[in-house]
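Asker: Sequence isn't available, so here's the structure alone:
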């Protein structure tokens, strides 16, 4: 080794360091969940030192306004339109309809005002529940899709409200609800700003067609509807989507994938959609992933559809389809920080927060995570 040129020695050292970082990241994703639950820590809660396990209340959340570039396509004064979309029929577990109220009650308005946003809260949309008399698609089209008409009509309400607020030049924040509402939010944004790039943060690809889906849950299908992989005219309740521009493959980037159905995997490859799985996050780092994402979507308005299950369940346990090995606390934040610092982020979904799942501490941890991500998207920074 001593006979090697200094440049080769440096290269070898750097290579070893890179491999060490990758191994450490991989190890942390496998081991940290158990470490988190079993380790006792001395934690500071508003000045007091206490011994005990890490919980959702261990840290007092801080909101610091920073000089983040403001999108030119939004109007002044800076206005955040909040739309509650308490959809629960797109999946099989009760509780996602409680997400919007929990996030609001945890201080959403106060924090947005601290970040110098005017708040326009439109309240929660009211979705009609499924009924046995609802029209249904032909069996050769619908597969085992559940509640297609009710979810489609609910997404239409979301679409109309998002389109109205985006067209007015406001930042649109939609609080879910399950991720089926992403069909409505993205459709509304594309109607108002057709060139928008979509950052889809999720453990799952949500691109099943009704015939592909094993569960029949529509929260696993919104991207398929948005891309018109199934004709909206063939599915009762979804006819409204025919008037919306379809989402193009080059307009969407996935971040955080780690639980993709077999047929989805084949479809994603066939369509050539950019997907950054958790393996890519380990390889490139979240900074490298976001640099590549923003390079692909450069010059477009941006919409981020953020499923809280994209975050590792250590940090967001109260959601219906948890998958270990997700984004860490800081990785999760950096996604929206980088998007907002591009000066093009104009809308955000925060979905799948389910306060009916887990303990009270789990709920608090998850709601705090969702709220903190919203803060980061809208301009809160460490310094």
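Answerer: Yep, it's here. All values reported here derive from a predicted model rather than from experimental measurement.

Asker: Going by C-alpha atoms from here, please, whenever you check contacts or count neighbours.
Answerer: Noted.

Asker: in stretch 205-222, what's buried?
Answerer: By neighbour count on 16 or more other CA atoms under 10 Å, the buried set for stretch 205-222 is 205-210, 212-213, 216-222.

Asker: repeat for stretch 90-106
Answerer: Burial within stretch 90-106, assessed by neighbour count using 16+ other CA under 10 Å, is assigned to 90-91, 95-104.

Asker: want to throw the residues you listed into JSON lines with distance to residue 70, pLDDT and secondary structure?
Answerer: Formatted as JSON lines, the buried residues of stretch 90-106 follow (distance: CA to CA, whole Å; pLDDT from 0 to 100; DSSP: H, G, I helix; E, B strand; the rest coil):
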{"residue": "90", "distance to residue 70": "34", "pLDDT": "96", "secondary structure": "coil"}
{"residue": "91", "distance to residue 70": "36", "pLDDT": "96", "secondary structure": "coil"}
{"residue": "95", "distance to residue 70": "35", "pLDDT": "94", "secondary structure": "coil"}
{"residue": "96", "distance to residue 70": "31", "pLDDT": "96", "secondary structure": "helix"}
{"residue": "97", "distance to residue 70": "31", "pLDDT": "96", "secondary structure": "helix"}
{"residue": "98", "distance to residue 70": "31", "pLDDT": "95", "secondary structure": "helix"}
{"residue": "99", "distance to residue 70": "28", "pLDDT": "96", "secondary structure": "helix"}
{"residue": "100", "distance to residue 70": "25", "pLDDT": "97", "secondary structure": "helix"}
{"residue": "101", "distance to residue 70": "28", "pLDDT": "97", "secondary structure": "helix"}
{"residue": "102", "distance to residue 70": "28", "pLDDT": "96", "secondary structure": "helix"}
{"residue": "103", "distance to residue 70": "24", "pLDDT": "97", "secondary structure": "helix"}
{"residue": "104", "distance to residue 70": "24", "pLDDT": "98", "secondary structure": "helix"}
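
Asker: tell me which of those residues is nearest to residue 226?
Answerer: residue 90 (15.3 Å; CA to CA).

Asker: Wait, that closest one touches residue 179, no?
Answerer: Yes - taking contacts as CA atoms under 8 Å, residue 90 lies within contact range of residue 179: 7.4 Å.

Asker: Between these two, which contacts overlap?
Answerer: The contact sets of residue 90 and residue 179 overlap at residue 219 (CA atoms under 8 Å, 6 or more residues apart in numbering).

Asker: How about residues contacting stretch 311-328?
Answerer: 29-30, 33, 36, 93, 202-203, 256, 258-259, 278, 308-310, 329, 332, 352-358, 362-363, 365-367, 369.

Asker: cutoff 7 Å now
Answerer: With CA atoms under 7 Å, 6 or more residues apart in numbering as the test, stretch 311-328 has contacts from 29-30, 33, 93, 203, 256, 278, 308-310, 329, 332, 352-355, 357-358, 362-363, 365-366, 369.

Asker: Please apply the same query to stretch 66-81.
Answerer: 117-121, 165, 169-173, 341, 343-346, 379-381.

Asker: average pLDDT for that stretch?
Answerer: Taken as a whole, stretch 66-81 has a mean pLDDT of 95.

Asker: how much distance is there from it to the middle of the chain?
Answerer: The gap between where stretch 66-81 is centred and where its chain is centred comes out at 21 Å by CA atoms, centre = their mean, to the nearest Å.

Asker: Pull up the distance across that stretch, start to finish.
Answerer: Counting by CA to CA, to the nearest Å, you get 20 Å between the two ends of stretch 66-81.

Asker: Now do the helices in the stretch 1-150 of the chain.
Answerer: Secondary structure of the stretch 1-150 of the chain (DSSP state H, counting those that start in this stretch): helices located at 6-38, 99-105, 108-114, 139-142, 148-167.

Asker: go on, the stretch 151-300 of the chain?
Answerer: Here the stretch 151-300 of the chain has its helices, by DSSP H, counting those that start in this stretch, at 182-192, 222-226, 262-271, 278-296.

Asker: got the ones you listed as JSON lines, with mean pLDDT columns?
Answerer: Shown next, in JSON lines, are these (pLDDT from 0 to 100):
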{"stretch": "helix 182-192", "mean pLDDT": "98"}
{"stretch": "helix 222-226", "mean pLDDT": "98"}
{"stretch": "helix 262-271", "mean pLDDT": "98"}
{"stretch": "helix 278-296", "mean pLDDT": "98"}
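
Asker: Out of the ones you listed, which one sits most buried?
Answerer: helix 182-192 (a mean of 28; mean count of other CA atoms under 10 Å).

Asker: Can you list the helices and strands that it packs against?
Answerer: Here helix 182-192 touches helix 148-167, helix 222-226, going by 3 or more CA pairs under 7 Å, 6 or more residues apart in numbering; DSSP states H and E.

Asker: Out of the ones you listed, the one nearest residue 239 is which?
Answerer: Ranking the helices and strands packed on helix 182-192 by proximity to residue 239 (CA to CA) places helix 148-167 first, at 8.5 Å.

Asker: Packing partners of the closest one?
Answerer: Checked by 3+ CA pairs under 7 Å, 6+ apart, helix 148-167 has strand 171-176, helix 182-192 packed alongside it.

Asker: Kindly recompute the last result at 8 Å.
Answerer: Applying 3 or more CA pairs under 8 Å, 6 or more residues apart in numbering; DSSP states H and E, one finds that helix 148-167 makes contact with strand 79-85, strand 171-176, helix 182-192.

Asker: The longest one: how far from the chain's middle?
Answerer: The one in question is helix 182-192. 15 Å.

Asker: likewise the shortest one?
Answerer: Taking the mean C-alpha point of strand 171-176 and that of its whole chain, the gap between them comes to 11 Å (CA atoms, centre = their mean).
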